[in-house]
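# Any chance you can model this:
(6 chains)
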There are 6 protein chains.
Amino acid sequence: MSNPDHPQPRDGFSSPRFAQPATFMRLPYVTSPAGLDVALYGIPFDGGCSYRSGARFGPRHVRDQSSLIRPWNSALKVHPFDRLRVADCGDVDAVPVSIEATFAAIEQTLQPAVEAGAIPVCVGGDHTVTLAVLRVLARRHGRLGLVHFDAHPDTWDRYFGLPYYHGSTFRRAMEEGLLDGTRSIQVGIRGPLYGPEDFDFHATHGFEVIRIEDVKERGVAWVVDRLGRLSGGPVYCSFDIDAVDPAYAPATGTPEAGGLTSYEALVLVRGLRSLQLIGADLVEVSPPYDGPGAITGVLAANLIFELLSVAALNR
Amino acid sequence: MSNPDHPQPRDGFSSPRFAQPATFMRLPYVTSPAGLDVALYGIPFDGGCSYRSGARFGPRHVRDQSSLIRPWNSALKVHPFDRLRVADCGDVDAVPVSIEATFAAIEQTLQPAVEAGAIPVCVGGDHTVTLAVLRVLARRHGRLGLVHFDAHPDTWDRYFGLPYYHGSTFRRAMEEGLLDGTRSIQVGIRGPLYGPEDFDFHATHGFEVIRIEDVKERGVAWVVDRLGRLSGGPVYCSFDIDAVDPAYAPATGTPEAGGLTSYEALVLVRGLRSLQLIGADLVEVSPPYDGPGAITGVLAANLIFELLSVAALNR
Amino acid sequence: MSNPDHPQPRDGFSSPRFAQPATFMRLPYVTSPAGLDVALYGIPFDGGCSYRSGARFGPRHVRDQSSLIRPWNSALKVHPFDRLRVADCGDVDAVPVSIEATFAAIEQTLQPAVEAGAIPVCVGGDHTVTLAVLRVLARRHGRLGLVHFDAHPDTWDRYFGLPYYHGSTFRRAMEEGLLDGTRSIQVGIRGPLYGPEDFDFHATHGFEVIRIEDVKERGVAWVVDRLGRLSGGPVYCSFDIDAVDPAYAPATGTPEAGGLTSYEALVLVRGLRSLQLIGADLVEVSPPYDGPGAITGVLAANLIFELLSVAALNR
Amino acid sequence: MSNPDHPQPRDGFSSPRFAQPATFMRLPYVTSPAGLDVALYGIPFDGGCSYRSGARFGPRHVRDQSSLIRPWNSALKVHPFDRLRVADCGDVDAVPVSIEATFAAIEQTLQPAVEAGAIPVCVGGDHTVTLAVLRVLARRHGRLGLVHFDAHPDTWDRYFGLPYYHGSTFRRAMEEGLLDGTRSIQVGIRGPLYGPEDFDFHATHGFEVIRIEDVKERGVAWVVDRLGRLSGGPVYCSFDIDAVDPAYAPATGTPEAGGLTSYEALVLVRGLRSLQLIGADLVEVSPPYDGPGAITGVLAANLIFELLSVAALNR
Amino acid sequence: MSNPDHPQPRDGFSSPRFAQPATFMRLPYVTSPAGLDVALYGIPFDGGCSYRSGARFGPRHVRDQSSLIRPWNSALKVHPFDRLRVADCGDVDAVPVSIEATFAAIEQTLQPAVEAGAIPVCVGGDHTVTLAVLRVLARRHGRLGLVHFDAHPDTWDRYFGLPYYHGSTFRRAMEEGLLDGTRSIQVGIRGPLYGPEDFDFHATHGFEVIRIEDVKERGVAWVVDRLGRLSGGPVYCSFDIDAVDPAYAPATGTPEAGGLTSYEALVLVRGLRSLQLIGADLVEVSPPYDGPGAITGVLAANLIFELLSVAALNR
Amino acid sequence: MSNPDHPQPRDGFSSPRFAQPATFMRLPYVTSPAGLDVALYGIPFDGGCSYRSGARFGPRHVRDQSSLIRPWNSALKVHPFDRLRVADCGDVDAVPVSIEATFAAIEQTLQPAVEAGAIPVCVGGDHTVTLAVLRVLARRHGRLGLVHFDAHPDTWDRYFGLPYYHGSTFRRAMEEGLLDGTRSIQVGIRGPLYGPEDFDFHATHGFEVIRIEDVKERGVAWVVDRLGRLSGGPVYCSFDIDAVDPAYAPATGTPEAGGLTSYEALVLVRGLRSLQLIGADLVEVSPPYDGPGAITGVLAANLIFELLSVAALNR
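Numbering: from 1, shown residues only, chains lettered A, B, ... in the order given. Have a look, this model is predicted:
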């Protein structure tokens, strides 16, 4: 029986799953994060992306495709909405024409939630938005550990001479003192890059890189084991959906062949359950590139449900 | 300046149009119709359709595609949200597996709104749902006048021996005493049918049929003139999106070539402005059949905005 | 009541329209044209097309999308299946890798039908296939009159030095003595071409060209009037779906902006009702380019239904 | 050389695969199951589905996409159409607006086939339809063993207070005495559910659940080994396409991330070759959600071909 | 015979239209505008758009879909490539993350072309980019006359407090002294707006507004006549594809129902042939929202061909 | 730092990846192969395909989707464009209506490149085109070794009595003396075929077949090991994209369920790095069947990048 004091998803046996205005997982939409354990936010912004735009519609798409989420995680055997108070806090009102103004909006919106003790779980938007989320969280928790699922390192420097875009997020975050490089791991890196110098940043700052070959050849259990070293301190999880193969997640800004399967991705996220998750995001879902089955949206919704489940188990 | 006492759409200059959980025209979502002049409802049901299903996702799709609607009707020179209190009342919780249970849910949900004096404007769903809306309205207003935009007469009798489906709605409504046949006009009828006997019902009950040839050859102004005879009593408007040509509205359950253009449809709805509109619906939008441009959803949203505008002018 | 001696479409009130293997208009599939007044054939071939291929799937697509066709033409007030014996005779087994072998297959398949007195109504396939159909019909009827709906004249000469492709059909037909140029009219011609010399052929042979500007400015009634001069002798109608605007018929091999609306197309075909139609085709539907609404297929099915209806009225 | 006494697919070397009205695997369409070893039926119904409708077009889609099936199973080294007489028996004329009437239609259509000794292999349609198929088969064979591939257990109870929908099929079948629970195995179960109580039914009735984690971690050979215990009695196989991951089968009613790959699915079906298969279905293909590549349809056609192949080897 | 001294499109009779890297109208790609009469540029930028992004792919899409353009305008009876030297000058290297940097790139790229006497014809990109093009042209020609086809006036002021986005272009241009308001006409305006105050700007500056109702009721010939008053001075034509109805141009950033047909659009552009065209753009094509038929791209390519044709006739 | 004497892809940090006319991997387009180590050609032809056409648009699609390719192979640790001079040599001007004329065009175009010492890497087009490429290469190198990734053996004989189509390529090549059968390996074979006799050709000529079961059960490392026996002589690699599962590569002419994953495909191509690659192709990408994410195009571009990388390592 579901916890009556917690916000609960609408019941699919008395309100059909395709009905009612779409919110994340059919949870109540609230205008204040007060009292929540986890605050779900959309951050609809694609002004930092270098290839396919469209991620501005990411939050709506994930809301739509999260309607099938039922309340019990059958793999982890947990009811996240009974353990945690979770609600849909709506979207940050991003500013389509300005990265800096969007950063300000993100910080302004998330600051009260984090101050109130809620874990923010954000749905992008392109990967640029993560920087502002990290700023808010580092203000409260200090330098953060990082689990970063992605095809790309996103540690490049300036883009057309400018500092902010979806490929420089983690360099900027490191420069701003938001991350603890030695407690940062990137998973799923692959594909054509610029040269070995792309990883000089990692060497300098102690970022660990788990390439796709490591995942495929050593297995997800090995990866989960590696992630275990991040326990004992606050950890942020940033999941760029392009970590997953385009067959499973076609709707993304910079697709890279040869990625994770959906099953691998789900198991990897479940692997965070021993960590102290203080925030998370799922970014780079670009809905115009999803097919009619909206499979990227479905997978993204499930990954968020897994993030909520590990947060519940963390408690 | 917008009326501060009325629900207003979110402002597109401070909250981007693609942001926030989608509601009809970015209006507030309310859980009670109390105090409203117009109550917008979705009725997500496609269990009565005979060809392409999918209309159960109609309300979500129209919500999504209504985000571009701005508050002033530049053709009719009216601010409907200033003249009327309008809000998104959510969806009727239709029962996917039962027409009768869905009828009950519609009646139960709409009855209080109508009793409270609100005009219900409903987004289907297939055309079956209109019958239950008419029941509620006829209870209050008596036999209703009808403006029915459609490619099909929807006055057929039993389907596989059963009484209810999207093709028998107006026969059933007439039999139940909900409509005044002599104050009923169908616009846009066309395409392959079964025989001249399809119109025996019309002859018996005084329904007027304005075929597509009439619209195209005599013009929309002539049609609007014909509709004028319905003034002086309560009128319901049922707009089946298949009245419009599939080029403009591909996403529908039973598409018929050779229909209205979007411009003709908009002008025709504006032509209702002298009538006493006591309720309306926009039905048969089947989102899986829309292309990536979602043009059926965009047109449907605009037609609803026109319905609201004529309701505002009616006041 | 439908004629019990004639093949009839399956009844939509006892067999749902989406059920059963798809045949043209849900008519019976027969393996011999014996006894038919009209023999419907698919000719699935796209080896003669110069731009977008895919028309090889045209017959299947039109079969699928013709399931909504009901038995009575409500504009022309005729039951074509009661006046005519019509059935789906399946497809010509075209040879994907050879135009010449495909011509042979067409001639071999259609010859018996035409000899038996049936009017062949063929669904392409690209426009190349029309040449072989004309060969069969001219053998029986002599030089044919022609009503040719198209954006393009299709009277070009060799293509990469070779004689047959979808752009040379009517030149070849004229050279082979299959057409009476002075009884040939092309309707809908438009768009970028090569030069005024593209119409030297027409001047030489007496082909009349009714450009799209003529249709739009003088109206379809004027065009129908022009077509009237073809009465009094056998007439073949070749309808290239690209005569219609891409908004109404996106799924075609060489789309040209600025064409007929669906309504204009339907009225124009109805305008053939005073002519002695001895054969017809509907070509250049390329299904991979249709959107999810399959509106090109829906329109094509309706145009064929109109062709059957005028054939019925011709009798 | 193919068995001349058996129905055979059209030869792709003399009739192109995209030609002719589409039947299952280009087999002959027959109007009676007399003399068949396997009777292929479509059951086009989606009135029992709780999320994405559209499965009513499943049979047509699978027919279309089965055209590439060649006659020899190169993995199992068997010619199913030489060992078995197989034909396309058309569709059950399901009643779109009534589950009960559809059940009656299914039973009425399949009863003679089963009585005549044919194995019915049915293409849905949503999973509701399986109940009626099981009724017919249990009448002949008694309580059936079950291999059920699915993401969901489909053993839930009432839906909006009503007994029949695609999520209650196996509970109802058990209650009606159609299944032997101790000889029933579900494969592929995963994803968010309602709670551990979802499996109380299984405990009570002896249903075995092989979760996706079991398949992925222990391997398909282990699963095939588990299925082996069902030999020695009649077994029905119900394959819900959502057992497969949405990347491989996007076109389904209730997609769940993290499922089988196509290769795993094919090998699992081949694993039935030691069982006494007395009937099978492939359900929940919802064509509007397939992309242009129609990969769900292609996979479904191949899974049916594997089912036919194992039926051939069973003989 | 084509002018041998001019760049010519590849010949479709010896190089298939789908072959070779796509350039605008299969014209040569050149790296310098020297010697050209018309310089075709892409401006791939969507960072100023307020709703659907994606217009960054506009130039590529229009290049792809322009492959069907043949060299002779059959309506205007002119060979534009014989009268004018036209080539594809590639794209402005827009900066995805900065409007201001993109403006600088546009000015830097176009300045030499305009100085060399070429007419720039630009393919967007969103409507923001027009401002920078106008800056370059006004530097040479002084205040410009304007023919602006659009659903929206694009004369709004600040957006989220910032000056530049696709809705403020013509206000900014007026403020910067780039336009002669009294020689500026907007055609196609319609749809929901904010209020009558949206047109205060027009009253102040003398902009003429021709609403869609004017076009539909008075006809395109009347509109062309109105445009005639702009002769006698330099005129810039900015064509926002959303002037056209979404049925004809679904792929755009802010679609508005009830717009121009493709035929009307083509005739209106032809109506510029008496004007002194010194530059033009076609903007707001957002390819991810086009269907498989790519009809927006096809229409855009034809509109550009018409612009080139009127430029040729102007000479 | 990139090699300044070599053609290099445009820099994504100063020219956005979606900008400029699309060439393979944003490399320069050259009109002569002189001086190149690798000459990239498109061969846009689908006149030999037996099911889904559309591969004529393959080269354009792969060009478009190759824009994300960065210059360093992070798996193989090589900069192919620094080691090799590579450029986009445009397309062979295939003849849509004739296989033989297309063969002649291919030979005429590639002969000079091969004579000049360039390795041709060709993007189809359907698999028919490979025969002409092999003719050119065998003229220079003698009988070639072959690595052939495919779902199908493509060693069938005549099709409708004719010798050339995409299913007979390797039989014809063997008959023409272009291949060394004992140094030929096919990888990925699977699915329904005609009978065991389909492999008589292989037995006769010494072709090795590695079925999909071998790949899945023994692993890609085992396959790479098997390929190793081809070292020591010239090897051609023909990669039919249908070797890959339709989930990863839906856009192909004859999709077969149960194929390679993208990761397996990439690793297999990397496994050629010890071989003497003298030419390669990537064929059977049929763009109309790709979804909006264009994942087949993305994978194809990556496979070509891997082919270039192994060619670089071979040097």
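
# Could you point out the longest strand of chain A?
strand A:179-189 (DSSP state E).

# And it, what does it pack against?
strand A:144-149, helix A:169-175, helix A:200-205, strand A:208-211, helix A:212-218, helix A:220-227 (3 or more C-beta pairs under 8 Å, 6 or more residues apart in numbering or on different chains; DSSP states H and E). Just so you know, the C-beta spots here come from the backbone N, C-alpha and C atoms, and that holds for glycine as well.

# Work out the gap between the first one and the centre of the chain.
Okay, so that is strand A:144-149. The chain centre lies 10 Å from the centre of strand A:144-149; the measure is C-alpha atoms, centre = their mean, to the nearest Å.

# Please, which helix or strand holds A:Val235?
Using DSSP states H and E, A:Val235 falls within strand A:234-240.

# near chain E, which residues of chain A show up?
Chain A comes close to chain E at residues A:46-50, A:52-54, A:56-57, A:95-99, A:101, A:159-162, A:164-165, A:288-289, as judged by C-beta under 8 Å from any C-beta of the partner chain.

# Now the buried members of these.
Buried subset of the residues of chain A next to chain E (neighbour count, 16 or more other C-beta atoms under 10 Å in any protein chain shown): A:46-50, A:52-54, A:56-57, A:95-99, A:101, A:159-160, A:164-165, A:288-289.

# Among those residues, which lie within helices?
Among those, DSSP state H puts A:99, A:101 in helices.

# hang on, the earlier thing: which members of the residues of chain A next to chain E occur in strands, if any?
Per DSSP E, the subset of the residues of chain A next to chain E in strands is empty.

# Chain D contacts on chain A?
So far as C-beta under 8 Å from any C-beta goes, chain A lies against chain D at A:12-14, A:16-18, A:67-75, A:77, A:79, A:245, A:247-248, A:261-263, A:266, A:291-295, A:298-299, A:302-303, A:305.

# run the last query once more with 6 Å
A:17, A:69-70, A:72, A:74, A:247-248, A:262-263, A:266, A:291-293, A:295, A:298-299, A:302, A:305 (C-beta under 6 Å from any C-beta of the partner chain).

# Give the burial count for the residue of the stretch 1-150 of chain A found nearest chain D, as a bare number.
Of all residues in the stretch 1-150 of chain A, A:Arg70 sits closest to chain D, at 4.0 Å by C-beta to the nearest C-beta. Using other C-beta atoms under 10 Å in any protein chain shown, A:Arg70 has 19 neighbouring residues.

# quick one: strands adjacent to the longest strand of chain A?
Pairing partners of strand A:179-189, with direction, according to DSSP bridges: strand A:144-149 (parallel), strand A:208-211 (parallel).

# how about those strands in a markdown table, adding mean pLDDT?
Shown next, in a markdown table, are the strands paired with strand A:179-189 (pLDDT from 0 to 100):
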| stretch | mean pLDDT |
| --- | --- |
| strand A:144-149 | 98 |
| strand A:208-211 | 98 |
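
# Compare the ones you listed and give me the one nearest C:Gln186.
For those, proximity to C:Gln186 was assessed by C-beta to C-beta; strand A:144-149 is nearest, at 59.9 Å.

# What are the contacting residues of that closest one?
A:138, A:179-180, A:183-188, A:227, A:230, A:233-239, A:243 (C-beta atoms under 6 Å, 6 or more residues apart in numbering or on different chains).

# thinking again about what came up before, quick one: distance of the longest strand of chain A to the chain centre.
Distance of strand A:179-189 from the chain centroid (C-alpha atoms, centre = their mean) equals 14 Å.

# Could you point out the helix or strand that follows that strand?
strand A:192-193.

# Name every strand pairing with that next one and say which way it goes.
Take DSSP bridges as the rule and strand A:192-193 pairs in its sheet with strand F:72-73 (antiparallel).

# now the partner strand: mean pLDDT?
When pLDDT is averaged along strand F:72-73, the result is 98.

# I'd like the distance between A:Gly195 and chain C.
40 Å (C-beta to the nearest C-beta, to the nearest Å).

# residues near that residue, how many?
Neighbours of A:Gly195 (other C-beta under 10 Å): 16.

# rewinding a little: the following helix or strand past the strand holding A:Val235 close to chain F?
The C-terminal neighbour of strand A:234-240 among helices and strands, as given by DSSP H and E, is helix A:262-270. No - applying C-beta under 6 Å from any C-beta, one finds helix A:262-270 separated from chain F by no less than 10.5 Å.

# State the pLDDT value of whichever residue of the stretch 201-315 of chain A sits closest to chain F.
When scored by C-beta to the nearest C-beta, the stretch 201-315 of chain A has A:Pro250 as its residue closest to chain F, at 2.7 Å. pLDDT, A:Pro250: 98.

# How many residues are close by it?
28.

# which residues sit in contact with A:Tyr41?
A:89, A:92, A:122 are the contacts of A:Tyr41 under C-beta under 6 Å, 6+ apart.

# sorry, back to before: helix/strand/coil for the residue of the stretch 1-150 of chain A closest to chain D?
Judged by DSSP: H, G, I helix; E, B strand; the rest coil, the three-state class of A:Arg70 is coil.

# quick one: it and D:Leu193 touch, right?
Yes - here A:Arg70 reaches D:Leu193: they are 5.3 Å apart, a contact under C-beta atoms under 6 Å.

# Where does the prediction get shaky in the stretch 1-150 of chain A?
In the predicted model, the stretch 1-150 of chain A carries pLDDT under 70 at residues A:1.

# Number of residues surrounding A:Glu115?
The tally of other residues near A:Glu115 (other C-beta under 10 Å) stands at 12.

# roughly how far apart are the closest residue to it other than its chain neighbours and A:Gly279?
Leaving aside its sequence neighbours, A:Glu115 sits nearest to A:Arg140 (C-beta to C-beta, 6 or more residues apart in numbering or on different chains; 7.1 Å). Distance of A:Arg140 to A:Gly279, computed by C-beta to C-beta, to the nearest Å: 9 Å.

# Chain F contacts on the stretch 101-250 of chain A?
Going by C-beta under 6 Å from any C-beta, the residues of the stretch 101-250 of chain A near chain F are A:192-195, A:216, A:245-247, A:250.

# Recalculate using a threshold of 7 Å.
Contacts of the stretch 101-250 of chain A with chain F, taken as C-beta under 7 Å from any C-beta of the partner chain, map to A:159-160, A:190-195, A:213, A:216, A:245-247, A:250.

# Nearest to chain D among those residues?
Using C-beta to the nearest C-beta, these come closest to chain D at A:Ala247, 4.5 Å.

# Let me know the pLDDT of the closest one.
Looking at A:Ala247, the pLDDT reads 98.

# quick revisit: can you select the buried ones from the residues of the stretch 101-250 of chain A next to chain F in PyMOL?
Buried members of those, defined by 16+ other C-beta under 10 Å, are picked up in PyMOL with:
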select buried, chain A and resi 159+160+190+191+192+193+194+195+216+245+246+247+250
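
# which among the residues of the stretch 101-250 of chain A next to chain F gets closest to chain E?
Nearest to chain E among these is A:Phe160, at 4.5 Å by C-beta to the nearest C-beta.

# Enumerate every residue touching the nearest residue to that closest one once chain neighbours are set aside.
In space, and not counting its chain neighbours, A:Phe160 is closest to E:Val95: 4.5 Å by C-beta to C-beta, 6+ apart. Contacts for E:Val95 (C-beta atoms under 7 Å, 6 or more residues apart in numbering or on different chains) come out as A:160, E:101-102, E:105.
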